[in-house]
Each structure stands twice: as structure tokens, then as C-alpha cells.
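Engineer: Give me a 3D structure for the following:
(chains A, B, C and D)
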Amino acid sequence: MKAVYFAWVRERIGKTEEEISPPADVRTAGDLIVWLSAQGEEYAYAFENPKVIRVALDRAHVKHDAPLGDAREAAFFPPMTGG
Amino acid sequence: MKAVYFAWVRERIGKTEEEISPPADVRTAGDLIVWLSAQGEEYAYAFENPKVIRVALDRAHVKHDAPLGDAREAAFFPPMTGG
Amino acid sequence: MTPTVRVQAEDFDAAAEAARLTQSRTDIGAVVTFAGLCRDEGGRLAALELEHYPGMAEEEIGRVVAQAAARWPLQGLTVIHRYGKIAPGAQIVLVVTASSHRVAAFEAATFLMDYLKTRAPFWKKEHHKDGTSGDWVEAKDEDDAAAERWVG
Amino acid sequence: MTPTVRVQAEDFDAAAEAARLTQSRTDIGAVVTFAGLCRDEGGRLAALELEHYPGMAEEEIGRVVAQAAARWPLQGLTVIHRYGKIAPGAQIVLVVTASSHRVAAFEAATFLMDYLKTRAPFWKKEHHKDGTSGDWVEAKDEDDAAAERWVG
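Structural biologist: Purely as a prediction, here's the structure:
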């Protein structure tokens, strides 16, 4: 699946997007955050406070306990500040 | 003092304004409505339901129990429908 | 902040009034513009005629505006209310509020309209398309209720 | 009623957007226009840079707009949100609502802004006048609270 990052999550990881292949036991959005956090220092830094990270699956907001299902795109970002 | 009338109060009385000289025992806005009601059929008709009549003294809204004081202009009209 | 209050027969330019509040400023975060228009009530109306109490209309709107300015941090505030005969689709009333923050701008504009509806000395009379002069528009209980919620 | 949703780098003409909702109609009684502007934060800011999630931004605003259209009787609805670098005084976001009744137009516009603030995937970064790139603007609890009040 594709992972995309925005705002300071993007800056900390140093990428706007990448292909990821999490193992089968990564079932929820929250599992994905935990798994990504272990992929390197920059990921650990980006996800150091998982509670503030928002996740969208296929461009729709989801909670951390949402199953990944067949989602093809997972996005990670801080709370929105538009408007 | 001057009495001024608006909307259907004006139409029923048939005047936009007039000089009035109420007796000394007419002390409040409400007293003025009662006194005016007795000045002719057209006044009785305009003030037939005193509760709905709004009063302004010298261009400021007042309640019916407000004293006339030194007011020089008393206005009578239905509830406002601007905006 | 010097509010603008105008009571006039002429139409107004809502965009120009809003622009006037923000021009060459960089401290305003939110501008709320309310324009009230004349509806034809399902094709029934040829026009609304707005009677007003000259003098008191300006003064009463000024009092309502002063209340809004005291209650919310506003950097700009404009109220224009028309009188006379107004055709369906034409503008009747304009409220523009400018503030650093959106909640203040929204609340102040909503408050101003609720209060103008129930306190500004204007009365609407309907003119029908069949040429007859209709009734005076009746005040609505829901408008009184809307104004009441700002009390206290 | 077909709402308009646009996410764009270019500026917009708030008055033209409002006019588009009412032109040649006589059934609209109220038009509320909200324009969100870039503040310079007491002279500190040279610009705000708005990052967005292309695709999701349009979709998420579309979902919020559908909620508003289902909840209030609206005859017109336009939302435009800009991205990219925006100078102090310039426009960031526009919401226009048109309805027969003022309460619906006001509530829908307020709801839309509260929801855009907390759900639309946009992030603001500050650029300072001294040439440094500042922090990402932090989300405010009060914005979450404002959105919460529409729930249920």
C-alpha cells in the first residue's frame, strides 16, 4: 500500500510518500503507526506521540482502531489547521 | 407633545402625526394608549388590542408602564418587521 | 473602531462595504457578510414596501451596534437598512462584521440580525402581483425567540 | 441545489460567488458570506503557507457540504479553500450560504466553518518577516469544541 505524509509528519520522515508492505499482523491504522515507528529514527520521531497523529484511509478520516481492510492509501498527519 | 403613528396604527388613525395634550393624570405610555383610544372610533380601532402596540418615547423603545416624563414625542406602532 | 450605520432608500454594494472594512489592513481574520433579500413568496409578491421611523431607525440601529461592539472584539462593523419599495430579489438589509476571530464575527452578525428583526423600527407591507395592496407582514414569534437567546 | 466546492491556489472573488447564488432568483431571503483572511499576527508574519492533501481536501469538504445541505434548507452553497503561500490580508477560505431564511443561512455557514477548521486536510505553516520559516500552526482546542457543538 501507499503511505503519504503531511505537514510536520512529512518533514520529520523526510518523504511525501512511499510504498510500504506491512506484515499481516498489522491490522489497524494504529498498528500501522506502531509498525512505521520502528522503521527508523525519523519515523520514531514523527510518531513519537501517536495520540496526536491523524490517519486517513483512502482519503477518509478514520480512528486508530479502524481496520486497514483493502485500503490502498494510508495518510498520516497532525491535526488540521485549515479554514 | 407630538404623537406619531406607523404602519397599520397610522393607517387606522388616518394620520402620520399630530399634537396632543393629554390631561395630567396620563402618566405612562400605557395611560396614553388608553386616553388615545377614547379620542374617536379610528383611535379605538387602532388601539383595540393594546397589548400588541409598541411605544417609543423620544425615539427609544419603552414598556407600557414607562413614565412619560418630559418626552416630547410619543410613537405608536405594531411589532417591527424589518431586517 | 467606528461602526457605519446607514438608513437609505438606495441600494447598496455589499462587496464594496465588506472591502472597505478590510482594505490595507492585515489584522482581520474573518469577515461575515449578511445580505437580506426580498422574496416573492412563491410568485405572489410584486414588491415589499418598507416603512420606517426616520431618526429612530438610525438611533436604534446605533444602540444595537454599540451593544455588539461592546460584546465582541470587532475591528469593523457596518449596518445598512433600506426603506421604500423593494422588488423581489433586491437587497433589504446588510450586516458586515470583521474580527480577528471567526466566532466573534459570526456571533456578532447573527446577534445584529436577530436584534434588527425585533427592535429596528421598520414595517413591511406586501404589494401583490394582482395589483392589490396586501397586509402588513406579521412579526414572528420565532424572531422574538431568536433575539431572546442573546439576553443574559 | 448543486453545491460548489473548489480547492485552488488562486484567489477568489467573494462577491461574484455570492452573486452567482442569487442571480435571477426571487426565492432567496438570506445570503451569508464568510471570508477567512490571513492575519500578520502583530506584524510577525510574512506569509502563511497552506499545505493540503490533494483529492482528500475536495472529498472531505464535499462530505461536510453534504451534511450541511441535509441539515438546513439551503438554496445555494459554495465553499472555496486556497492552498499555497498566502500573504497577510489575502483571502484563504470562502463559505457562502443562501436560504429562504436567515437562521438556516447563518447556522449552515457557521457549521461549515467549524467543520472545515477541524476536518478539512489543510495545514498552515508560518513564514516570518525576518526570513525564517516558523512553526506549523497548532490546532486549537476551542476549534474542536466549536465543531463538537453540532454533534447529535
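Engineer: State the mean pLDDT of stretch A:15-35.
Structural biologist: Average pLDDT, stretch A:15-35: 97.
Engineer: Kindly apply the preceding question to stretch C:86-104 instead.
Structural biologist: pLDDT averaged over stretch C:86-104 gives 97.
Engineer: ok, and does that stretch reach over to chain D?
Structural biologist: Yes: residues of stretch C:86-104 contacting chain D under Cβ under 8 Å from any Cβ of the partner chain: C:88, C:89, C:100, C:102, C:103. To be clear about C-beta, it is placed using only N, CA and C from the backbone, and glycine gets the same treatment.
Engineer: Show the contacting residues for the last one.
Structural biologist: Taking Cβ atoms under 8 Å, 6 or more residues apart in numbering or on different chains as the criterion, residue C:103 is in contact with D:142, D:146.
Engineer: Can you verify it is assigned to a strand?
Structural biologist: No: Residue C:103: not assigned to a strand; according to DSSP: H, G, I helix; E, B strand; the rest coil it is helix.
Engineer: ranking the residues of stretch C:86-104 next to chain D by neighbours, who comes first?
Structural biologist: residue C:102 (25 neighbours; other Cβ atoms under 10 Å in any protein chain shown).
Engineer: my guess is residue C:48 meets residue C:125, correct?
Structural biologist: Yes: in this structure residue C:48 lies within contact range of residue C:125 using Cβ atoms under 8 Å: 7.0 Å.
Engineer: between these two, which one's more packed in?
Structural biologist: Neighbours per residue, other Cβ under 10 Å: of residue C:48 and residue C:125, the larger number sits with residue C:48, 23 against 19.
Engineer: what pLDDT does that one get?
Structural biologist: 96.
Engineer: quick one, phi/psi of it?
Structural biologist: The phi and psi values for residue C:48, taken as degrees, to the nearest 10, are phi -110, psi 140.
Engineer: wait, what's in contact with it?
Structural biologist: Contact analysis of residue C:48 by Cβ under 8 Å, 6+ apart lists C:38, C:85, C:86, C:92, C:124, C:125, C:126, C:127, C:137.
Engineer: so how many other residues sit close to the first one?
Structural biologist: Neighbours of residue C:38 under the rule other Cβ under 10 Å: 22.
Engineer: That one against residue C:85, yeah?
Structural biologist: No: in this structure, residue C:38 is not within contact of residue C:85 by Cβ under 8 Å, at 9.7 Å.
Engineer: Find the residues that touch each one of the two.
Structural biologist: With Cβ under 8 Å, 6+ apart, residue C:38 and residue C:85 have common neighbours C:47, C:48.
Engineer: And for the residue of chain C at minimum distance from chain B, nearest residue in space, chain neighbours not counted?
Structural biologist: Here chain C gets closest to chain B at one residue, residue C:122, 2.7 Å apart by Cβ to the nearest Cβ. Spatially, and ignoring its direct neighbours in sequence, residue C:122 is nearest to residue B:82 (2.7 Å; Cβ to Cβ, 6 or more residues apart in numbering or on different chains).
Engineer: Please report how far the one you found lies from chain A.
Structural biologist: Going from residue B:82 to chain A by Cβ to the nearest Cβ, to the nearest Å gives 32 Å.
Engineer: circling back: so how far is residue C:151 from the residue of chain C closest to chain B?
Structural biologist: 21 Å (Cβ to Cβ, to the nearest Å).
Engineer: which of those two has more neighbours?
Structural biologist: Using other Cβ under 10 Å, the more surrounded residue of residue C:122 and residue C:151 is residue C:122, with 27 against 5.
Engineer: Wait, that one touches residue B:78, no?
Structural biologist: No: contact criterion Cβ under 8 Å: residue C:122 and residue B:78 do not qualify, at 11.2 Å.
Engineer: ok, residue C:107 touching residue C:99?
Structural biologist: No: using Cβ under 8 Å, residue C:107 is not in contact with residue C:99, being 9.3 Å away.
Engineer: Need the overlap of contacts for the two.
Structural biologist: In contact with both residue C:107 and residue C:99: residue C:72, using Cβ under 8 Å, 6+ apart.
Engineer: Mind telling me which residue is nearest the centre of chain C?
Structural biologist: By Cα atoms, centre = their mean, chain C has its centre lying nearest to residue C:93, at 3.9 Å.
Engineer: Tell me the spatial nearest neighbour of that one, not counting adjacent residues.
Structural biologist: residue C:36 (4.0 Å).
Engineer: OK, contacts around the one you found?
Structural biologist: Applying Cβ under 8 Å, 6+ apart, the residues near residue C:36 are B:83, C:91, C:92, C:93, C:94, C:113, D:29, D:30, D:102.
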